[in-house]
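# My questions are about this predicted structure, shown below with the sequence.
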Amino acid sequence: MSLKISVIGTGYLGATHAACMAELGFDVIGVDIDAAKVAALSRGNLPFHEPGLPELLRKHVDSGRLRFTTDYAEIADWADIHFIGVGTPQRADGHGADLRFVDSAVHELTSRIRGSALIVGKSTVPVGTARRLRGIIDTEAHSEANIALAWNPEFLREGFAVADTMRPDRLVIGAEGGTAEALLREVYAVALAAETPLIVTDFETAELVKVAANAFLATKISFINSFAEVTETIGGDITTLADALGHDIRIGRKFLNAGVGFGGGCLPKDIRALQARVSELGLSHTMGYLAEVDEINLRRRERVVRLANSMLSDKLVGARIAVLGVTFKPDSDDVRDSPALDIAVRLFNAGADVLVYDPKGNNNAAERFPRLHYANDLPEAVAQADLVLLLTEWAEFKALVPADLEDVVAERRIIDGRNVLARGQWEDAGWEIVGMGQHHPP
Ligand code: NAD
């Protein structure tokens with residue numbers, strides 16, 4: 001008989017995981033405390049943007065293989081496996097991860113389960129969390145219950161979430177005892193048959209793999225951006241530098257793009273939570289470099305604001321600025337800790353007349369910053385602009401050529417915050433164009 005699976009937390013991770021589990025043939029119920037989200041998902045409507053996911057969601061809501069609820073009682077003894085994909089945001093009072101949602105999900109489950117079940121954490125958590133949760137489960141579980149625990153960190157990328165879930169580049173399982181591994185081998189049978197590497201390890205290693213991967217990626221981005229600060233001062237071409245470095249197979253070209261820096265719901269909070277956790281362990285010196293990685297990253301935003309002011313000859317106040325892109329990356333509507341949105345807000349706070357356009361992110365940005373002005377399309381955003389800022393590399397923006405803008409802007413000035421435009425072409429058309437890592441005399 002096919003496994004029954006619950007997925008707790010139906011955000012970017014959970015909704016994707018739930019729909020993909022249904023696609024793999026399992027009976028799935030997604031659980032969330034957000035009743036509006038559950039109502040939308042139950043109608044087959046995805047409340048966020050993720051390519052390919054709306055089709056999968058509708059297919060399996062229609063087939064009856066995928067349902068959603070706010071009620072833990074419906075899933076506690078129904079599912080064989082409970083995946084936990086709730087949020088682990090940065091705490092309001094510091095850099096550590098806020099584990100309230102994970103703790104609450106485990107408590108809600110443990111207090112209801114009477115039979116045998118496997119709880120599998122997918123959320124990104126500080127090392128030591130699974131072992132602590134194991135203790136809570138042992139204390140709170142009903143005497144008739146038999147609850148196994150595993151940690152199976154998720155590596156999906158927003159924008160590629162469905163493909164990454166269906167065909168992960170590796171699977172990591174932190175577990176004690178063979179039950180969890182055997183069940184998860186059944187869940188991931190298709191990927192394993194396709195020879196996806198499987199790493200079965202202990203709780204601590206599984207938790208650390210995820211934060212180590214994010215720490216590495218964040219470091220790689222800040223590494224190249226630290227060189228961008230050098231070329232911005234002395235000259236040199238940051239893209240050529242990255243290309244030349246990337247040919248070294250020990251280094252690789254990916255994540256070496258100078259730009260406005262990293263953001264989103266993972267990298268920034270994960271490197272902060274890692275520092276907070278190692279400090280708790282008395283090891284703050286070990287990860288000191290991550291504070292630098294964070295600082296270099298945040299300096300990129302300030303750099304763009306200063307550059308804008310300098311290109312406007314110190315007349316930022318009242319200048320019409322078109323901001324193209326507010327999501328932290330293309331093909332997502334996620335504006336959590338987005339450098340693009342932060343730059344738009346900083347310019348607005350400095351007195352500029354900012355008009356923002358993002359193909360999918362306007363609504364989420366407007367929820368956070370209702371005072372910013374939002375355009376319905378690109379022509380509206382750039383009309384009469386004194387300066388255009390390209391901050392998220394959506395395909396629509398990467399494809400821009402000078403002729404698209406020159407009759408509508410007030411001044412031919414553009415900052416390429418992602419180094420995606422052909423600079424020479426814009427200069428030939430009479431534009432002042434400045435990219436990241438490019439020397440621009442103040
Ligand atoms: P999200 O905010 O989109 O979704 C979290 C969901 O959990 C929300 O819908 C929220 O209502 C729900 N929730 C909170 N408490 C709950 C509870 N007690 N019971 C049921 N539902 C509850 O967050 P996300 O981006 O999906 O991230 C979730 C986790 O996955 C985080 O730990 C994140 O670091 C990790 N992760 C995210 C990604 C990504 O690309 N978004 C990738 C890998 C790992």
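Good, I have the coordinates. Residues are numbered from 1 along each chain as shown.

# Which residues are in contact with the closest residue to residue 393 other than its chain neighbours?
Of all residues not flanking residue 393 in the chain, residue 418 sits nearest, at 4.2 Å (C-beta to C-beta, 6 or more residues apart in numbering). Every residue, glycine included, has its C-beta placed from N, CA and C. Applying C-beta atoms under 8 Å, 6 or more residues apart in numbering, we find residue 418 in contact with 257, 259, 260, 390, 391, 392, 393, 436.

# The first one belongs to a helix?
So the one you mean is residue 257. No: read with DSSP: H, G, I helix; E, B strand; the rest coil, residue 257 is coil and lies in no helix.

# Could you check how many residues crowd around it?
For residue 257, the count of nearby residues is 21 (other C-beta atoms under 10 Å).

# residues touching it, list them.
So residue 257 contacts 221, 224, 239, 242, 418, 419 (C-beta under 8 Å, 6+ apart).

# Just the ones of the contacts of residue 418 in strands?
The strands, defined by DSSP state E, take in residue 390 from the contacts of residue 418.

# Just give me the neighbour total for whatever residue of the stretch 201-350 of the chain ends up closest to the ligand.
In the stretch 201-350 of the chain, the residue found nearest to the ligand is residue 265; the distance is 4.5 Å by C-beta to the nearest ligand atom. Counted with other C-beta under 10 Å, the neighbours of residue 265 add up to 23.

# Give me the pLDDT value at it.
pLDDT, residue 265: 96.

# How is it assigned, secondary-structure-wise?
Taking three-state DSSP, the label given to residue 265 is coil.

# can you pull the contacts of it?
Here residue 265 is in contact with 12, 87, 89, 334, 336, 337 (C-beta under 8 Å, 6+ apart).

# any idea how far the ligand is from the second one?
This means residue 87. Note on residue 87: its distance to the ligand, by C-beta to the nearest ligand atom, to the nearest Å, is 4 Å.

# hmm, back to that, from residue 323, how far off is the residue of the stretch 201-350 of the chain closest to the ligand?
21 Å (C-beta to C-beta, to the nearest Å).

# swap in residue 202?
Residue 202 is 46 Å from residue 323, by C-beta to C-beta.

# that older thread, could I get the contacts of residue 257 in JSON lines, plus columns for pLDDT and secondary structure?
Below are those laid out as JSON lines (pLDDT from 0 to 100; DSSP: H, G, I helix; E, B strand; the rest coil):
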{"residue": "221", "pLDDT": "98", "secondary structure": "helix"}
{"residue": "224", "pLDDT": "98", "secondary structure": "helix"}
{"residue": "239", "pLDDT": "98", "secondary structure": "helix"}
{"residue": "242", "pLDDT": "98", "secondary structure": "helix"}
{"residue": "418", "pLDDT": "98", "secondary structure": "coil"}
{"residue": "419", "pLDDT": "98", "secondary structure": "coil"}
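
# sec struct for residue 200, please.
strand.

# what residues does this structure put near the ligand?
Within the chain, the positions near the ligand by C-beta under 6 Å from any ligand atom are 8-14, 31-34, 37, 85-88, 101, 104-105, 123-124, 154, 156, 158, 265-266.

# Distance of the residue nearest to residue 393 relative to residue 240?
16 Å.

# swap in residue 118?
51 Å.

# neighbour count winner among the two?
residue 118 (23 against 11).

# Not counting its neighbours along the chain, what's nearest the closest residue to the ligand within the stretch 1-150 of the chain?
Nearest residue of the stretch 1-150 of the chain to the ligand: residue 11, at 1.8 Å (C-beta to the nearest ligand atom). Spatially, and ignoring its direct neighbours in sequence, residue 11 is nearest to residue 87 (6.4 Å; C-beta to C-beta, 6+ apart).

# Tell me the pLDDT of the one you found.
pLDDT at residue 87 comes out at 98.

# phi, psi of it?
phi -70, psi 150 (degrees, to the nearest 10).

# Now do the contacts for it.
9, 11, 98, 101, 123, 265.

# Please list the members of those residues that lie in helices.
Applying DSSP state H to those, the entries found in helices are residue 101.
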